[in-house]
Every structure is written in structure tokens, then in C-alpha cells.
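what would the 3D arrangement of this be:
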Amino acid sequence: MALRRNILIFHAGALGDFVLTWPLAVALGRLYPQSRVFYVTHGQKGALAEKALRVESADVESGWHHLFSDPAALPEPCARLLSGAHTVVSFLSTPGDAWQENVRRLAPEATVLSLTTHAPPEFGGHLTSFILSQLQPSTAAHGALEQILRSVRARGIVASRAGGESIVIHPGAGAERKRWPLDKFTELARLLGSAGRSVRMVVGEVEAERWGEAAIKELGDVAKVMSLRTYLELFDELSRAAAFVGNDSGPGHLAGIIGVPTLSLFGPTDPTLWSPLGPKVKVLRREPLGDLTVEQVSAELRTLA
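Reported below is the predicted structural model:
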């Protein structure tokens, strides 16, 4: 009988959603210490998980799509990884669908868990609690995740973090209604600078394209602008931060879970469900988000750093 040592976690969502699955990966690694934990996901996310969690990864775009239709066409490296799995966790399928049936056909002895991050409206807890609730039939996995969640809330998920002097601000978010106005972030950076604080603005390619050169230059007048291209660069920048301020977005989730003092600004989304997970996370919520004042954000930030 072939030895099955692999744990495969399939995920195709956005960064924040992805980060909130990390405690499960850690829990499964602790539960099965002789196993290899793989995230099967997009390349940048896989590289980030490798660095932050010391897991392994496989690029979800390297042929895994065949599981949705024709498992016979699954490339040999993918088939080998799957056949060596004793546990398969999927955040991209539903029980009984073609994907799951194909996985069961190729890895008949593996335990297959189909989980979702789409909590129903009546669920009144955090997303990680919703993931935990789906594991109730698997007593061992449920207990392991419950323990890791307590640890992450107390200490974060990264063993050590160098820290630094700069307050990192990320003014972006996927949807406009989730973004605190850019001019208020600019004013916040100016206020922090006048108080002697070092401020660094994290701007990705999407933000730079959306706002244009004039707006980026205005940010550069009040803070050092860091134009980041990859999640690994974001991880390194956050690891050196004294604190983080940003909207409800992926970088805030990453900052919180690695233990950075994090202030997350929420508008239409519910922080009860979606707040960053970590030991030093605070949330300010206003609807509309633009009603939140610079003074309120500054005052709350002073309680963190």
C-alpha cells in the first residue's frame, strides 16, 4: 500500500479570505506532524503561505482545473500529489459535485472535506468560527483548529516578528464603498508625520492605476510610498511595521494575523464576521465610511502604537 502523507488545501479566493483559512492549515499540520501540508492555490498566495506558515504549495493553474470535468487529463505531477493525499480540503467545491466526485475517484482512500467561507446571513460569529463549525463531524480536526484559533487570537500565527518604527497605511480596498476617502488617509499621514511618526504608504498596482500619478504624488508628499508588486513584498513590509491602518481588505488581514497592531476601518461589511484575526486588532466602523473622521482614527491608533 502506497504511503499517503499529503494534506491538500484547495483555495481560489481573495487574499483576506485566504488568510483566514491559515489557522486550519496550521491545525492540520499539528494534527498530522509527519504529513506535508500543501496549499493548492494561485502562485503568489502559495508563495506567501510558504513563507508565513512553512507549508508547501502547488499552483492551482498548473492543470488542476481538469478536476471540474475530465480527471483523466490531470497532469502527472498533480495526479501524483493527489494520489499521495490522506486529506483533501476544498474551498472551491460543494459536496457531491463533479470536482469532489473526481477527487474521490483519483484518491479513494482520502478524507475529502468541502468547506465554504460564505456564511449565511443568520450566522452571528467570525468567519473562522464558521469554518470551525463545518468541522464538527471531524472531531480531531475540529479540536485542533479550536486550539490553534485560541493561539492565533493570543499570539498571532508567526513565531517572531522583527517590528519597526513605521506606521504602515494601506488606503486601498476592492470596492469603493469599502474605502475611506483618500484625502483622509493623506491627512492622517500628515498628522502622524507632524507628531514625529514615520509613515509608509503601501500602494499596489491596482491602486496606482486607479488613482493616477497626481494622487500618488500627493501621498508621497506626506509619507514614503511603497509600490509593491507581490504578496511577499507586502509580507516583508508588514513584518517591519510598528502598526498598520487600512480598510477592510487583504493587507489588513495579513497584518493582523502576523501580530502587527492593526486598526481596520469598516463601512458596509460586518466586522463581526470579517474583522482581521490577531492579538492586536481594533476595528472602527461607520456607515457610510466617509463619516469616520481623521481625529477618530488618529485617537484609536494612539491606543495601539
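
from Leu82, how far off is Asp221?
52 Å (C-beta to C-beta, to the nearest Å). Every C-beta, even on glycine, is put in place using the N, C-alpha and C of the backbone.

these two: which is more packed in?
Leu82 (23 against 11; other C-beta atoms under 10 Å).

per-residue pLDDT, that one?
Listed pLDDT for Leu82 reads 97.

report the buried residues of the helix or strand where it lies.
Using DSSP states H and E, Leu82 sits within helix 76-83. Within helix 76-83, the residues that count as buried by 16 or more other C-beta atoms under 10 Å are Cys78, Ala79, Leu81, Leu82, Ser83.

what's near enough to touch Arg285?
Residues in contact with Arg285, defined by C-beta atoms under 8 Å, 6 or more residues apart in numbering, are Leu265, Phe266, Gly267, Pro271.

what about 6 Å?
Residues counted as contacts of Arg285 (C-beta atoms under 6 Å, 6 or more residues apart in numbering) are Phe266, Pro271.

follow-up on the earlier one: the next helix or strand after the helix holding Leu82 pairs with which strands?
Later in the chain than helix 76-83, the nearest helix or strand by DSSP H and E is strand 85-90. Paired neighbours of strand 85-90 in the sheet (DSSP bridges): strand 6-10 (parallel), strand 111-114 (parallel).

which of these sits closest to Thr293?
Of all the strands paired with strand 85-90, strand 6-10 sits nearest to Thr293, with 41.0 Å by C-beta to C-beta.

what segments of the chain are strands?
6-10, 36-41, 56-59, 85-90, 111-114, 166-170, 199-204, 224-228, 241-247, 262-266, 281-285 (DSSP state E).

direction included, what does the third one pair against?
Sheet pairing for strand 56-59, assigned by DSSP bridges, gives strand 36-41 (parallel).

ok, back up a step: out of the strands paired with strand 85-90, which is the most enclosed?
strand 6-10 (a mean of 24; mean count of other C-beta atoms under 10 Å).

report the mean confidence score over that one.
pLDDT averaged over strand 6-10 gives 98.

ok, Pro171 touching Phe185?
Yes: counting by C-beta atoms under 6 Å, Phe185 is a contact partner of Pro171 at 4.1 Å.

low-confidence bits of the stretch 101-250 of the chain, can you list those?
Scanning the stretch 101-250 of the chain for pLDDT under 70 picks out 159.

show me where it has helices.
Applying DSSP state H, counting those that start in this stretch to the stretch 101-250 of the chain gives helices spanning 127-134, 139-155, 182-194, 205-220, 231-239, 250-257.
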